[in-house]
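Asker: the sequence and its predicted three-dimensional model are supplied below.
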Amino acid sequence: MTIAAHEQEWIQSFFDEIPACLVDGRNDATVSYFAIRKQTNFVVVAGRLTLGASTDEITWPDQFETESVRAGHFLLSRVGQTPREFVNATTGPGLFATPEKELMFLGNDPNTHGAYRQPLKMEALKESTRVAVLTLSGRQKFDLLNGWAQFDWELKAAQTPFDGLADLANEYRLGSLQGSNISIDVEVPNAVEVHPTSYIHDKVARIVIAPQFFLDATQVSLRVLVTSRGNVIRREAIETERIKWLDADCKAGVCGVFELEVPVGATVQCIAVYGKLAQHERTIVDKSGENELRLVLDSFPAGTAAIRQALRIDEPFENNSDALETSLASVVSMLGFQVLHFGTGKKTRDFVDVVARCNSGGLLLIECTTAILLQDKVSNLKARAAKLRRFLVDKDFPDIQVIPVIATTMTAAELSNSIGQVETGGALVLCKEQLEEWFDLSRVAPDANRLLTSMSQRLADAQNRPDGALNFASIPADWARLRPDHGGAIEL
């Protein structure tokens, strides 16, 4: 079997950028796969080789097999191959080694394989993380999965039952089964990350750095951008000798700490670097800092009371949707978003009521209501969000996230029968409880990026529920609130 010269170059460039510690024996790799029986052999349909990782998170059996389907996961060292040898074997002779038996990875006519390098995986970028992927492709799936339903029903009857191939692939960390060809992903996770226990307290930013596997400590460094009152006041590179390490060998899970003084209310953008490549980014905020816009509002008690009434926090308020729109636009602005308020304009109210943008570029399209969640209102909002996404793609901005939001003054209990349907359908619901949380959250230094990330995750969790149902009672009452957490910090 063969592979084109330019695809060989992609493979070479992929390995050239991999940290040496992932291919020199210091770190093992994890392989997971599922395969379909083709006559007397099993042919791999989907696989993943993750460098620098382990099988600890996979709880299913090392090897699973029915009459027609086989799946498994193992450490690459068990078959005596390096990552490069693994790639050569699957794209050359089309052989996929496992500890039990050798499987096939079939190429397309005339027995050729393909390779595609993705230096930055888009799904990882949304979480401010660098993940590189090399995809090895082979025969069209249709040749192997014709009559997909028979495999699904076979898996339902297995001694360890699965709800079909999609469920099996998900449990073995293989992702979705989209794409027309069988494929194996070689994935390089981020080498280091800024740990979530990082925080700012008493004008000191404590930045915790966590290696993801065995690393060369001399290659680890940190970049910081300190923002105060909307302006970047400090940009600095912190090399490894200035980082306090618990263990000089920089083993997986061993943390390092760097501390720097910052002004009250500061925001610190922390970037973990390995070699010359940025690996992970996290922004930490001094939650002790006061929100100046909220201080202005609180200096005008009548204004504060009017917003609270419009959000139905203090007492019932007449069904005045204009008051709700105006008040919510003010709250969203105090939370650090740039805001466009369309709802009260005669010529603009046919769009959405409020548009909010965070610094990372994400957009909220907010429709306000004082009534129940009418299907027409929800459908129109989702259609406008879809139209905006298409417009952004046409303008060469495909990565800007657009989240449609229905904001209502009704409680979660009053809307318990409709929230699940709306959120699994792709629009987020903010009830009276969340509006109250947002208003309370506006007292501290704003962090729109983190709030948008929280909303995005909330919506993704709702849409990914396999049964399409959502029990609103299972949503933490304070999911929108972003409190500082100092208690879990690792002391070094």
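Answerer: Nice, thanks for sending it over.

Asker: residue 357 is in contact with residue 332, correct?
Answerer: No: if you go by C-beta atoms under 8 Å, residue 332 and residue 357 don't touch, sitting 10.0 Å apart. Placement of C-beta: from N, CA and C, glycine included.

Asker: which neighbours do those two have in common?
Answerer: Common neighbours of residue 332 and residue 357, counting by C-beta atoms under 8 Å, 6 or more residues apart in numbering, are 339, 364.

Asker: so the two - more neighbours on which side?
Answerer: residue 332 (25 against 16; other C-beta atoms under 10 Å).

Asker: residue contacts, that one?
Answerer: 339, 354, 356, 364, 366, 438.

Asker: over to it. Which of the three states is it?
Answerer: Three-state call for residue 332 (DSSP: H, G, I helix; E, B strand; the rest coil): helix.

Asker: quick check: it vs residue 432, distance?
Answerer: 16 Å (C-beta to C-beta, to the nearest Å).

Asker: need the contact list for residue 156.
Answerer: Neighbouring residues of residue 156 by C-beta under 8 Å, 6+ apart: 162, 163, 164.

Asker: how about residue 89: what's its closest non-neighbour residue?
Answerer: Of all residues not flanking residue 89 in the chain, residue 95 sits nearest, at 5.0 Å (C-beta to C-beta, 6 or more residues apart in numbering).

Asker: surely the one you found and residue 105 touch.
Answerer: Yes: contact criterion C-beta under 8 Å: residue 95 and residue 105 qualify, at 7.1 Å.

Asker: looking at the two, which is more packed in?
Answerer: Set side by side, residue 95 and residue 105 show more neighbours around residue 105, with 26 against 15, by other C-beta under 10 Å.

Asker: and the more buried one, what does it touch?
Answerer: 43, 44, 47, 90, 94, 95, 96, 113, 136, 138, 182, 184.

Asker: pLDDT added to those residues, as a markdown table?
Answerer: Output for the contacts of residue 105, formatted as a markdown table (pLDDT from 0 to 100):
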| residue | pLDDT |
| --- | --- |
| 43 | 90 |
| 44 | 91 |
| 47 | 93 |
| 90 | 87 |
| 94 | 86 |
| 95 | 89 |
| 96 | 91 |
| 113 | 83 |
| 136 | 90 |
| 138 | 86 |
| 182 | 88 |
| 184 | 91 |
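
Asker: buried subset of those residues as a ChimeraX selection?
Answerer: Buried residues within these, by 16 or more other C-beta atoms under 10 Å, are selected in ChimeraX with:
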select :43,44,47,90,94,96,113,136,138,182,184
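
Asker: narrow the contacts of residue 105 to those in helices?
Answerer: residue 90 (DSSP state H).

Asker: grab the longest helix from this structure for me.
Answerer: helix 375-394.

Asker: mind giving me the packing neighbours of that one?
Answerer: Other elements packing on helix 375-394 under the criterion 3 or more C-beta pairs under 8 Å, 6 or more residues apart in numbering; DSSP states H and E are strand 363-369, strand 402-408.

Asker: now do the helices in the stretch 1-150 of the chain.
Answerer: 5-16, 83-91, 122-125, 142-145, 148-156 (DSSP state H, counting those that start in this stretch).

Asker: re earlier: which parts of the longest helix of the chain are buried?
Answerer: Those would be 377, 378, 380, 381, 382, 384, 385, 388, 389, 392, for helix 375-394 by 16+ other C-beta under 10 Å.

Asker: what's the answer for stretch 216-223, then?
Answerer: Buried, per 16+ other C-beta under 10 Å, within stretch 216-223: 216, 217, 219, 220, 221, 222.

Asker: what comes into contact with it?
Answerer: Counting by C-beta under 8 Å, 6+ apart, residues outside stretch 216-223 touching it are 19-21, 191-192, 207, 209, 211, 235-240, 243, 245, 248-250, 256, 258, 270-275, 278.

Asker: try stretch 112-122
Answerer: 1-4, 7-8, 10-11, 13-14, 17, 90-91, 94, 105, 107-108, 130-138, 181, 187, 399.

Asker: buried set for that stretch?
Answerer: Within stretch 112-122, the residues that qualify as buried by neighbour count (16+ other C-beta under 10 Å) are 112, 113, 114, 115, 117, 118, 121.

Asker: correct me, but residue 27 touches residue 18?
Answerer: No: taking C-beta under 8 Å as the definition, residue 27 is not a contact partner of residue 18, at 10.6 Å.

Asker: between those two, what contacts are shared?
Answerer: By C-beta under 8 Å, 6+ apart, residue 27 and residue 18 have these common neighbours: residue 51.

Asker: need the contact list for the residue nearest to residue 89.
Answerer: Each residue near residue 95 by C-beta under 8 Å, 6+ apart is listed here: 89, 102, 103, 104, 105.

Asker: among those residues, which one has the most neighbours?
Answerer: residue 105 (26 neighbours).

Asker: ok, now which ones touch the residue most central in space within the chain?
Answerer: In the chain, the centroid-proximal residue (C-alpha atoms, centre = their mean) is residue 127; its distance is 4.3 Å. By C-beta under 8 Å, 6+ apart, the contact list for residue 127 reads residue 453.

Asker: please repeat the previous calculation with a cut-off of 7 Å.
Answerer: With contacts defined as C-beta atoms under 7 Å, 6 or more residues apart in numbering, residue 127 is in contact with no residue.

Asker: can you pull the pLDDT of it?
Answerer: Looking at residue 127, its pLDDT is 75.

Asker: distance check, it against residue 246.
Answerer: For residue 127, the distance to residue 246 - C-beta to C-beta - is 25 Å.

Asker: got the domain boundaries for this structure?
Answerer: 2-188, 192-285, 292-474 (automatic domain parsing).
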